[in-house]
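A.B. asks: model this:
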Amino acid sequence: MRKIRRLGLSLVLAVLMLVGLTVPALAGNPTVSITVTAEVISISNSQPNWPIGIVTVGLERYFASDVAVEDKDYATITNTGSVAVDVAIQGTNIEGGDYDWTLAADGVAGSEIYALNATAGNGTGAYSIIVKLSEYNDLTTGLAVDATWGWSMLFKAPTAFDAADDGASKNSTLTLVASK
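C.D. replies: As a prediction, this is how the structure comes out:
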């Protein structure tokens with residue numbers, strides 16, 4: 001009986017050693033590869049300046065290499081971030097000299113009021129987007145990562161200037177904002 005117990009104990013130990021050695025070898029060590037990208041909202045614009053020059057009452061000028069010639073996709077916005085974005089625009093009043101000009105809320109120039117309108121769609125369409133002082137208006141929505149969008153603007157000079165204006169240079173700023 002002792003021999004059977006020894007043989008049984010030896011057999012159990014042998015099986016445990018085999019199971020202990022082979023189970024980890026057979027199961028392997030699975031891994032999980034992790035990939036992550038930070039959400040970055042960022043755009044660039046190809047044309048940072050618009051030197052319109054001297055304007056007369058009621059004159060219209062284009063955001064283009066030749067301000068007298070229409071170019072509906074003169075500037076290019078590029079999505080340089082990591083997610084699709086919406087791009088909006090907002091303007092400011094023009095300041096300088098003796099008299100400032102107010103940015104029109106309705107896209108129509110008036111006395112001491114200038115207007116800015118942007119193109120409605122990647123180099124095509126009318127200048128139907130009104131650039132406003134008090135709010136942002138969408139230029140494009142859902143601009144994919146690394147995608148570009150061509151755009152331009154139309155400047156409309158005031159329909160009347162104050163006779164006492166000194167003719168000094170005036171400046172304004174446009175802001176392009178990307179959001180998700």
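
A.B. asks: just after the helix or strand of the chain with the lowest mean pLDDT, pick out the following helix or strand.
C.D. replies: Among the helices and strands of the chain, helix 2-27 carries the lowest confidence by mean pLDDT, DSSP states H and E, at a mean of 56. Of the helices and strands lying after helix 2-27 in sequence (DSSP states H and E), the nearest is strand 43-45.

A.B. asks: partner strands of that next one, with direction?
C.D. replies: Under the criterion DSSP bridges, strand 43-45 sits next to strand 75-79 (antiparallel) in its sheet.

A.B. asks: quick check: mean pLDDT across the strand it pairs with?
C.D. replies: Mean pLDDT, computed over strand 75-79, is 96.

A.B. asks: over to stretch 109-122?
C.D. replies: pLDDT averaged over stretch 109-122 gives 91.

A.B. asks: now tell me what touches it from outside.
C.D. replies: 58, 72-73, 89, 91, 94, 99-104, 106-108, 125-131, 137, 139-140, 149-162, 174 (Cβ atoms under 8 Å, 6 or more residues apart in numbering). Glycine gets a C-beta too; all of them are placed from N, C-alpha and C.

A.B. asks: buried ones among the residues you listed?
C.D. replies: Among the contacts of stretch 109-122, the ones that count as buried by 16 or more other Cβ atoms under 10 Å are 72-73, 89, 91, 94, 99, 101-104, 107, 127, 129-131, 137, 139-140, 149-158, 161, 174.

A.B. asks: mind listing which of those are in strands?
C.D. replies: 89, 102-103, 129-130, 137, 139-140, 149-151, 153-156 (DSSP state E).

A.B. asks: for S152, see how far away the closest residue to G58 other than its chain neighbours is.
C.D. replies: Leaving aside its sequence neighbours, G58 sits nearest to T159 (Cβ to Cβ, 6 or more residues apart in numbering; 5.4 Å). For T159, the distance to S152 equals 22 Å [Cβ to Cβ, to the nearest Å].

A.B. asks: check A75 too.
C.D. replies: According to Cβ to Cβ, A75 stands 6 Å off from S152.
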